[in-house]
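*Asks:* model this:
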Amino acid sequence: MGTPYQPGGGVGGRIPGTLGPAELDARAEWVPLRPPRDLLDALATRLGSEVDLRRVILGVLSPLRASLEGEPLGALAAALPLDLARALADADLNLNARVRPASGAADYLAEVSRLVRHPPRRAAEYVRAAFAAAKAVLEPAASQAVADRLPPEIGAAWRAAR
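*Replies:* This is a model prediction of the structure:
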């Protein structure tokens with residue numbers, strides 16, 4: 001293993017950029033992760049770039065506005081970029097749809113599905129991801145306040161989100 005890796009069958013010298021097994025440095029592949037800056041950033045980490053994150057955030061949180069009115073909603077809005085926090089305050093206008101408040105898990109999931117314009121199965125994934133992302137950026141006391149104000153079934157989903 002004293003000689004460097006040389007691919008066979010080619011014409012000419014060594015192909016630029018090829019590395020042999022002994023030449024790999026796995027430490028170069030490690031990228032330090034930075035903590036999420038806000039809820040949108042944390043959600044992007046979970047869902048990727050192919051999803052309309054703005055629509056997901058508004059679709060997931062808008063039906064809960066009536067339940068979370070006050071400090072819990074303020075804590076969630078503070079974890080959002082300013083323009084998205086404003087959009088959450090007037091979600092009916094920003095989603096081009098009348099948002100119905102959630103009273104139970106089934107109504108809530110149907111409403112999220114309608115607002116994000118995806119089937120209920122995908123909407124459930126969005127809800128889990130948004131709840132987990134929100135819990136990651138909120139202080140534990142604020143997260144508990146949100147869970148306490150939600151309807152029981154939805155509060156259980158909030159507590160179970162990871």
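*Asks:* ok, now how distant is the nearest residue to residue 114 once chain neighbours are set aside from residue 50?
*Replies:* Spatial nearest neighbour of residue 114, chain neighbours left out: residue 97 (7.1 Å); criterion: C-beta to C-beta, 6 or more residues apart in numbering. In this view, the C-beta of every residue, glycine as well, is placed from N, C-alpha and C. Residue 97 sits 22 Å away from residue 50, taking C-beta to C-beta, to the nearest Å as the criterion.
*Asks:* please apply the same query to residue 60.
*Replies:* 17 Å.
*Asks:* please apply the same query to residue 138.
*Replies:* From residue 138 to residue 50 the distance is 26 Å (C-beta to C-beta).
*Asks:* more neighbours: which of these two?
*Replies:* residue 138 (20 against 5; other C-beta atoms under 10 Å).
*Asks:* test my guess that that one contacts residue 79.
*Replies:* Yes: counting by C-beta atoms under 8 Å, residue 79 is a contact partner of residue 138 at 6.2 Å.
*Asks:* common neighbours of those two, please.
*Replies:* The contact sets of residue 138 and residue 79 do not overlap (C-beta atoms under 8 Å, 6 or more residues apart in numbering).
*Asks:* in space, what's closest to the spatially most central residue of the chain - neighbours in sequence excluded?
*Replies:* By C-alpha atoms, centre = their mean, the chain has its centre lying nearest to residue 43, at 1.7 Å. Among residues not flanking residue 43 along the chain, residue 133 sits closest, at 4.2 Å (C-beta to C-beta, 6+ apart).
*Asks:* all set now, cheers.
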